[in-house]
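Take this sequence and fold it.
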Amino acid sequence: MNFDLSPEQYLLEETVRGYLQKEQPVGRTLAAAEAAGSEPGWDGSAWKGLAELGLGGILISEGHGGLGLGLLDAAVAAQALGYGAAPGPWIAHWLATAAIMHGGSQQQRSRWLPGLADGSLRASLIWDQRGTPVLGGRSADVMVLRRGDALALLTPDGVAAQALPGIDYTRPIDEVTVTGTPEPLDGADAALVRSVRGAGHTLVAADSFGGSLRVLEATVAYVKVRQQFGQLIGAFQAVKHQVADLAFLVEPCRGLYWYAAYAYDEGLPDAAAAAALAKAHLGDAYVQAARDAIELHGGIGYTWECDLHVYLKRALLNREYLGDPESLRQELATLEFGAPVGGAT
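Here you go, the predicted structure:
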């Protein structure tokens, strides 16, 4: 099978990446974080510009003001956002819109989806009240709350949100306490909860691949210009091997999130497993790729002036959000082979 993206999907990726390179480079995100001090926020102008491209409603039907696209399209956009370390809780916003789109009543969809589609409203996701970070909780106009196998809506007057310390300058995280009465999404059930979770795993994996690709390309470019002992460091055999290992770590991961998104859109039986495996593998690979890239940059790689630390810190949040690699692999192993016997692992 010759599986590839469509010309429209490649254009979507190029458009999002081009916007970020021109209007919201990583240096601007760093400057905003430095100015904010210990509680970094994110630049709302980037949200507005990306929303004008249609990203707010990528998973919302055209009848409610969105683009009516599939998860593979959203994942392609997520890769571009990850490549540019885009500020803003886009993944949480997309998952919340999908939950409202497929689980909300007609009244709920009419109330929330048009504003979420055009970016004038922002959504977030409270997935696990035991500790999963809420991305952009303080800036959300509506939040989708998971309660077991059910979903419900919360507005800002029904929650108390407080900033949590975090290292990711691009996506502030918050601790959210429910203080009001959630409004149920009557059309939500266990199947929709699983679907939203699988979509989340796929989108985080896509973001992680985009970031991994960016640090790989930055490293290749650096070893071609950095000189040591009178010659380019890319000419050293040891550096060649390290860069080759980095490329081998990153490039094969593309198909993981592509297939996970495709399986989701086509309703294949292994969609949830493919999404979890993609998220688990890319969660580890992104962290390793960012660390290797910093080492290959030498001393400058550890400085504030070099933007690689932005990607490492983003990778660390991606690794944990909606499930760390170890727990996802254990969950899949239990489903496949049953619980460990006699405490064996």
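
What sits closest to Gly255 if chain neighbours are left out?
Distances taken as C-beta to C-beta, 6 or more residues apart in numbering place Phe3 nearest to Gly255, at 7.9 Å, with adjacent residues excluded. No exception for glycine: its C-beta is placed from N, CA and C like everyone else's.

Thought Tyr262 was touching the one you found, still the case?
Yes: using C-beta atoms under 8 Å as the test, Phe3 is close enough to Tyr262 to be in contact (7.4 Å).

Just want to know which of those two has more residues nearby.
Neighbour totals were compared for Phe3 and Tyr262, and Tyr262 leads with 19 against 8 (other C-beta atoms under 10 Å).

ok, back up a step: how about the residue nearest to Gly255, secondary structure?
Applying DSSP: H, G, I helix; E, B strand; the rest coil to Phe3 yields a three-state assignment of coil.

Same check on Gly234?
helix.

For it, give its distance to Ala290.
20 Å (C-beta to C-beta, to the nearest Å).

and what of Phe337?
When distance is defined by C-beta to C-beta, Phe337 is 32 Å away from Ala290.

more neighbours, those two?
Set side by side, Phe337 and Ala290 show more neighbours around Ala290, with 26 against 9, by other C-beta under 10 Å.

Which stretches in the stretch 101-250 of the chain count as helices?
Taking DSSP state H, counting those that start in this stretch to define them, one finds helices in the stretch 101-250 of the chain at 106-118, 190-223, 237-250.

buried stuff in the longest one?
What that stands for is helix 190-223. 192-193, 195-216, 218-219, 222-223 (16 or more other C-beta atoms under 10 Å).

dump the residue contacts of the nearest residue to Ala74 once chain neighbours are set aside.
Excluding its sequence neighbours, the residue lying closest to Ala74 (C-beta to C-beta, 6+ apart) is Ile58, at 4.9 Å. By C-beta atoms under 8 Å, 6 or more residues apart in numbering, the contact set of Ile58 is Gly66, Leu67, Leu69, Asp73, Ala74, Ala77, Trp94.

Next, the buried residues of the helix or strand where Tyr259 lies.
In this structure, Tyr259 is located in helix 254-266 according to DSSP states H and E. For helix 254-266, burial by neighbour count (16+ other C-beta under 10 Å) applies to Arg254, Leu256, Tyr257, Trp258, Tyr259, Ala260, Ala261, Tyr262, Ala263, Tyr264, Asp265.

list the contacts for the residue most central in space within the chain?
Closest to where the C-alpha atoms of the chain average out (C-alpha atoms, centre = their mean) is Val204, at 3.5 Å. The contact partners of Val204, taken as C-beta under 8 Å, 6+ apart, are Ala78, Ile91, Lys279, Leu282, Gly283, Asn318, Tyr321, Leu322.

my guess is the fifth one meets Asn318, correct?
Looking back up the chat, that one is Gly283. Yes: at 6.1 Å, Gly283 and Asn318 qualify as touching, with contact defined as C-beta under 8 Å.

before we move on, back to that, name only those of the contacts of Val204 that count as buried.
The buried subset of the contacts of Val204 - by 16+ other C-beta under 10 Å - is Ala78, Ile91, Lys279, Leu282, Gly283, Asn318, Tyr321, Leu322.
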